[in-house]
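In: return a 3D structure for these sequence lines:
(one chain, ligands or ions: 2)
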Amino acid sequence: MARVQLRNVEKVYGGTVKAVHGINLDIEDGEFMVFVGPSGCAKSTTLRMIAGLEDITGGEVVIGGQRVNDLPPGKRSIAMVFQNYALYPHMKVRGNLAFGLKIAGKSKPEIASAINDVARILEIEPLLDRLPKQLSGGQAQRVALGRALIKKPGVFLFDEPLSNLDAKLRASMRVRITELHRRLKAEGLSSTVIYVTHDQTEAMTMGDRICVMQAGRIMQVATPKELYAHPANLFVAGFIGSPEMNLLEGQLQGGEFSIGAQRLALAEDVLARLASQPRDAVLGIRPQHLALDPAGFRARLTNAEFMGHEVYLHAEMEGQKIVAVVGAGEFEQLGQAEFIGLKPVPDHIHVFDKADGSNVSLHRRRLAA
Ligand code: ADP
Ligand code: MG
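Out: Ligands and ions are numbered 1, 2, ... in the order given. As a prediction, the model looks like this:
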């Protein structure tokens with residue numbers, strides 16, 4: 001069993017810098033959990049406390065039902081993969097893979113057979129007799145993965161493992177790692193993964209669930225689908241999704257959202273939790289959920305980015321920027337238009353409280369789902 005539980009986990013560096021503010025999180029056995037957030041939000045600090053590489057200032061880390069706060073890394077049934085690979089430069093790939101098992105006192109035949117297994121899974125057989133400096137970035141990262149895999153740990157901890165690779169390799173390694181996780185699970189090996197990244201695409205494509213962090217706090221924990229459809233607050237709304245969600249400032253009053261001179265009537269369910277007094281709010285609408293429609297918001301087209309199948313329209317309305325994703329065909333039909341109409345798709349409208357950032361349109365829709 002390799003369930004990982006964080007209970008009120010805190011980290012204070014040097015007695016003064018509070019990096020982690022009492023985090024609570026349950027990661028299920030076999031789950032692929034992603035920690036995502038901007039640089040400095042304490043993803044690595046949290047991961048390193050789970051690994052035992054960093055002291056835990058307060059709270060408890062529990063792995064497989066056992067409190068591990070005082071256990072050294074070697075006794076926690078974890079293996080870690082870093083951004084910089086951390087391979088031993090003077091050892092061949094074979095030696096790098098064997099190292100942990102030798103220390104653990106495994107026999108030569110056991111080690112040889114484990115190396116063969118791992119090399120086959122990661123397709124690094126032809127590389128076994130090379131030194132790390134003779135490997136490309138992608139190959140070195142596969143060897144680093146192999147070194148973690150060979151330990152058969154209960155929990156894999158990844159800290160931005162793909163950040164040093166180019167975009168194409170990153171995309172293929174993403175798939176390779178998720179496939180590997182699925183395969184280990186199918187073979188009945190308990191393989192919980194905690195994967196740290198600042199890249200929302202990695203988070204969305206790899207995670208069973210995603211833990212979105214900001215400034216040492218958890219903003220939301222949910223599946224990729226749930227985060228995309230029901231962001232709990234402005235931070236998550238702006239962080240998850242590409243291109244970013246439009247966040248338009250305006251006022252709520254009498255069933256309408258107004259942005260300058262423009263009005264949008266809101267449906268009952270969106271309004272359910274809103275007080276009747278006028279108030280400042282933020283309208284959230286993803287670029288994919290704006291349709292070209294003369295009855296929509298009137299906006300001045302400032303730029304169009306041709307992406308092939310789609311076009312990203314950049315426009316301005318009431319002094320605010322707005323982005324819409326439309327089909328290439330629809331864009332053609334616009335001709336040389338200076339002004340366009342953009343209409344939000346009703347089911348995908350979010351309203352955020354400007355004061356505390358919470359998604360006030362969330363509650364009713366969730367209940368209905
Ligand atoms: P992330 O991995 O999300 O980029 P980190 O966990 O590395 O963030 O850092 C979280 C916060 O803790 C940052 O404000 C960082 O400056 C601070 N921090 C990290 N390591 C140390 C350290 N050894 N001493 C003091 N502050 C640190
Ligand atoms: Mg980090």
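
In: could you report the neighbour count for the closest residue in space to residue 27 that isn't next to it in sequence?
Out: For residue 27, ignoring the flanking residues on the chain, the nearest one in space by Cβ to Cβ, 6 or more residues apart in numbering is residue 4 at 4.2 Å. C-beta: built from backbone N, CA, C; applies to glycine. Other residues near residue 4 come to 24 when the count uses other Cβ atoms under 10 Å.

In: same thing with residue 173?
Out: Residues near residue 173, counting by other Cβ under 10 Å: 19.

In: element containing it?
Out: helix 167-186 (DSSP states H and E).

In: how about whichever helix or strand comes after that helix against ligand 1, any contact?
Out: Using DSSP H and E, the next helix or strand after helix 167-186 towards the C-terminus is strand 192-197. No. Judged by Cβ under 6 Å from any ligand atom, strand 192-197 stays clear of ligand 1, getting no closer than 6.6 Å.

In: only alpha carbons, please: show strand 192-197 as PDB.
Out: Extracted C-alpha coordinates of strand 192-197, given in PDB (Å, rounded to 0.1, in the frame of the first residue of the first chain):
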ATOM      1  CA  THR A 192       1.700   5.900  -6.800                       C
ATOM      2  CA  VAL A 193       3.200   8.900  -8.600                       C
ATOM      3  CA  ILE A 194       3.600  12.500  -7.400                       C
ATOM      4  CA  TYR A 195       4.700  14.700 -10.300                       C
ATOM      5  CA  VAL A 196       5.700  18.300 -10.000                       C
ATOM      6  CA  THR A 197       5.500  20.700 -12.900                       C
END
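
In: so what touches the following helix or strand past it?
Out: Counting by DSSP H and E, the element after strand 192-197 in chain order, helix or strand, is helix 200-206. Outside helix 200-206, the residues that touch it by Cβ atoms under 8 Å, 6 or more residues apart in numbering are 32, 34, 36, 162, 170, 174, 177-178, 195, 197, 210, 224, 227-228, 239-242.

In: of those, buried ones?
Out: 32, 34, 36, 162, 170, 174, 177-178, 195, 197, 210, 224, 227-228, 239-241 (16 or more other Cβ atoms under 10 Å).

In: my guess is residue 34 contacts residue 198, does it?
Out: No. With contact defined as Cβ atoms under 8 Å, residue 34 does not reach residue 198; the gap is 10.8 Å.

In: what sits in contact with each of those two?
Out: What both residue 34 and residue 198 touch, as defined by Cβ under 8 Å, 6+ apart, is an empty set.

In: now do the same contact list for residue 304.
Out: The contact partners of residue 304, by Cβ under 8 Å, 6+ apart, come to 311-314, 331.

In: which of those has the most neighbours?
Out: Going by other Cβ under 10 Å, residue 313 tops the contacts of residue 304 with 24 neighbours.

In: not counting its neighbours along the chain, what's nearest that one?
Out: residue 324 (4.5 Å).

In: and the one you found, how far from ligand 1?
Out: Separation of residue 324 from ligand 1 (Cβ to the nearest ligand atom, to the nearest Å): 32 Å.

In: for the helix or strand harbouring that residue, list every residue counted as buried.
Out: Using DSSP H and E, residue 324 falls within strand 320-327. For strand 320-327, the neighbour count (16+ other Cβ under 10 Å) marks 320, 322-326 as buried.

In: before we move on, what about stretch 55-73?
Out: 56, 59, 61-64, 68, 73.

In: for the stretch 1-150 of the chain, what lies in contact range of ligand 1?
Out: 13-14, 17, 19, 37, 39-45.

In: if we go to 8 Å?
Out: 11, 13-14, 17, 19-20, 35, 37-48 (Cβ under 8 Å from any ligand atom).
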